[in-house]
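**Q** any chance you can model this:
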Amino acid sequence: MTTPTFDLTCDLLRLASVTPNDETCQDLLIKRLEPLGFDCETLVSGPDDFRVTNLWAMRRGSGAGVERAKTFVFAGHTDVVPTGPVEQWSSEPFTPTIKDGYLYGRGAADMKTSIAAFVTSIEAFLESTPNPTHSIALLITSDEEGPAHDGTIKVVELLKARGEILDYCIVGEPTSNEVFGDMMKNGRRGTMSGKLTVKGIQGHIAYPHRARNPIHQFAPALTELAATVWDEGNDYFQPTSWQVSNIHGGTGASNIIPGAVVVDFNFRFSTASTSDGLQTRVVDILNRHGLEYDLTWVIGGQPFLTEAGSLSDAISTAVVAEVGVTPELSTTGGTSDGRFIATICPQVVEFGPVSKSIHQIDERVEVASMAPLAGIYARVLAILVA
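**A** Model prediction:
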């Protein structure tokens with residue numbers, strides 16, 4: 001038996017919206033939102049070979065009886081990762097297929113089911129509450145699975161320039177862990193990568209006094225970096241982690257001392273540290289060991305945290321009412337677009353389907369969880385928007 005959320009999810013799954021392509025997914029949403037009173041604005045960004053489609057849709061609240069109508073936002077992405085080898089799928093990746101109680105298709109869990117549930121929950125909520133006090137908005141991008149340079153961040157910049165004030169945001173990422181509803185994410189760690197080139201002097205391995213081996217020179221600094229406690233974390237985050245991902249030195253010949261060694265490393269850091277502070281500490285260690293080096297940094301995202309409050313309480317209440325599970329607050333996993341939205345919105349929480357199959361062959365979502373997901377979103381609207 002189908003439901004509005006199931007049907008809309010299937011319509012979205014049929015569109016092969018591999019990053020950065022939206023493939024008219026957002027047009028489907030606009031056709032559903034405009035009759036509900038949403039003003040829909042399409043924002044296209046990026047170079048010609050990587051055009052990104054963003055949607056900002058907003059329905060203003062009445063503000064009756066309150067000083068200011070607050071704004072509640074649903075945020076998500078229509079883009080999906082590539083399918084991988086199609087022949088390894090049990091069904092065609094862009095043909096929604098039901099099997100053993102699951103709906104299969106690329107993007108089923110990450111995150112077209114959530115986007116469908118955004119729309120159907122709003123439809124259900126407005127049917128019972130046609131003139132809500134507060135505003136409802138959707139921020140949808142086709143550049144979350146890619147570099148994320150022209151997606152949510154561009155909409156956020158526009159909203160900042162306009163002076164828009166956001167109060168609550170649910171990001172529909174697949175946060176559930178073992179069973180639907182068992183986890184929501186109230187923050188994410190930051191990510192920062194470094195590329196370090198330690199310089200030596202190349203030479204014949206039989207004449208080490210004429211050369212300077214950068215690998216040998218770097219080894220004590222590597223030991224110190226790996227042993228450093230960067231912070232202790234906090235009530236919401238694990239301690240910051242520093243990890244080496246690649247080391248390369250040498251020409252491939254066994255009789256040459258290399259002239260340089262290149263080290264790629266990454267921080268996953270909590271709100272207990274800052275990107276500037278971590279960079280300073282790394283440089284201090286390298287300098288203390290007397291190394292000659294070049295070092296470049298790329299900050300992939302700053303950490304963000306929403307402490308337990310009215311939004312997480314509303315989600316928890318709604319999940320318990322719909323599925324009888326109490327969701328755990330968590331900050332685990334990689335980055336999300338929540339990091340951009342958190343710069344203009346004080347309460348950002350992620351909640352969505354089970355994440356086990358995301359980015360895998362045979363990505364899927366449990367059919368039985370789809371209607372409850374929309375029900376949870378609608379209950380949150382009733383708590384915070386009505």
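
**Q** do I have it right that Ser336 meets Arg189?
**A** No: distance between Ser336 and Arg189: 10.6 Å, which falls outside the contact criterion (Cβ atoms under 8 Å). For glycine as for every other residue, the C-beta is placed from the backbone atoms N, C-alpha and C.

**Q** contacts only, for Ala386.
**A** For Ala386, the contacting residues are 125, 129, 132-134, by Cβ atoms under 8 Å, 6 or more residues apart in numbering.

**Q** so it versus Tyr293, what's the distance?
**A** According to Cβ to Cβ, to the nearest Å, Ala386 and Tyr293 sit 58 Å apart.

**Q** can you check Thr331 too?
**A** Thr331 is 32 Å from Tyr293, by Cβ to Cβ.

**Q** in contact with the most centrally placed residue in the chain, which residues?
**A** Closest to where the C-alpha atoms of the chain average out (Cα atoms, centre = their mean) is Ser336, at 1.4 Å. Contact partners of Ser336, counting by Cβ under 8 Å, 6+ apart, are 144, 171, 173, 185, 188, 350.

**Q** next, format those as a markdown table and append secondary structure, neighbour count and pLDDT.
**A** Rendered in a markdown table, the data for the contacts of Ser336 read as follows (DSSP: H, G, I helix; E, B strand; the rest coil; neighbours: other Cβ atoms under 10 Å; pLDDT from 0 to 100):
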| residue | secondary structure | neighbour count | pLDDT |
| --- | --- | --- | --- |
| Glu144 | coil | 27 | 97 |
| Val171 | strand | 29 | 98 |
| Glu173 | coil | 28 | 98 |
| Lys185 | strand | 24 | 98 |
| Arg188 | strand | 29 | 96 |
| Glu350 | strand | 29 | 98 |
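
**Q** for Lys99, state which of these is nearest.
**A** Nearest to Lys99 among the contacts of Ser336 is Glu173, at 24.3 Å by Cβ to Cβ.

**Q** how far away is the residue lying closest to the closest one once chain neighbours are set aside from Gly84?
**A** Once flanking residues are discounted, Glu173 sits nearest to Glu350: 4.4 Å by Cβ to Cβ, 6 or more residues apart in numbering. Distance, Glu350 to Gly84, using Cβ to Cβ: 25 Å.

**Q** ditto for Gly333
**A** Distance of Gly333 to Gly84, given as Cβ to Cβ: 21 Å.

**Q** likewise for Val283?
**A** When Cβ to Cβ is the yardstick, Val283 and Gly84 sit 40 Å from each other.

**Q** more neighbours: which of the two?
**A** For the pair Val283 and Gly84, the greater number of neighbours falls to Gly84 (15 against 12), based on other Cβ atoms under 10 Å.

**Q** from Pro353, how far off is that one?
**A** Separation of Gly84 from Pro353 (Cβ to Cβ) stands at 20 Å.

**Q** likewise for Pro20?
**A** On the measure of Cβ to Cβ, Pro20 and Pro353 end up 23 Å apart.

**Q** between these two, which has more neighbouring residues?
**A** Using other Cβ under 10 Å, the more surrounded residue of Pro20 and Pro353 is Pro353, with 27 against 24.

**Q** what are the phi and psi values at the more buried one?
**A** phi -70, psi -180 (degrees, to the nearest 10).

**Q** next up, the contacts around it.
**A** Under the criterion of Cβ under 8 Å, 6+ apart, the contact list for Pro353 reads 109, 111, 113-114, 174, 176, 180, 365-366, 369, 373.

**Q** which residues of the stretch 201-350 of the chain fall in helices?
**A** Using DSSP state H, counting those that start in this stretch, the helices of the stretch 201-350 of the chain run over residues 214-227, 275-288, 310-323, 338-341.

**Q** now the third one: how far from the chain's centre is it?
**A** A distance of 21 Å separates the centroid of the chain from that of helix 310-323, by Cα atoms, centre = their mean, to the nearest Å.

**Q** now do that helix: which elements does it pack against?
**A** For helix 310-323, the contact count by 3 or more Cβ pairs under 8 Å, 6 or more residues apart in numbering; DSSP states H and E identifies strand 168-171, strand 183-185, strand 347-350, helix 370-384 as packing neighbours.

**Q** could you report the pLDDT at Met1?
**A** Met1 carries a pLDDT score of 66 in this model.

**Q** equivalent analysis for Gly46, please.
**A** At Gly46, the predicted lDDT confidence score is 96.

**Q** how close does it sit to Gly105?
**A** 26 Å.

**Q** higher neighbour count, these two?
**A** Legend: neighbour count by other Cβ under 10 Å for Gly46 and Gly105, higher for Gly105 (28 against 19).

**Q** ok, which pair from the contacts of Ser336 is furthest apart?
**A** Farthest apart among the contacts of Ser336 by Cβ to Cβ are Glu144 and Lys185. That separation is 14.6 Å.

**Q** before we move on, back to that, which among the contacts of Ala386 end up buried?
**A** For the contacts of Ala386, burial is judged from neighbour counts taken by 16 or more other Cβ atoms under 10 Å, and it is met by 125, 132-134.

**Q** which of those fall within helices?
**A** Using DSSP state H, the subset of those located in helices is Phe125.

**Q** and the residue nearest to Glu173, bridged to which residues?
**A** Applying DSSP bridges to Glu350 yields these beta-bridge partners: Val171, Lys185.

**Q** Val198 too?
**A** Here Val198, judged by DSSP bridges, has bridge partners Val261, Tyr293.

**Q** that one: neighbouring residues, count only.
**A** For Val198, the count of nearby residues is 24 (other Cβ under 10 Å).
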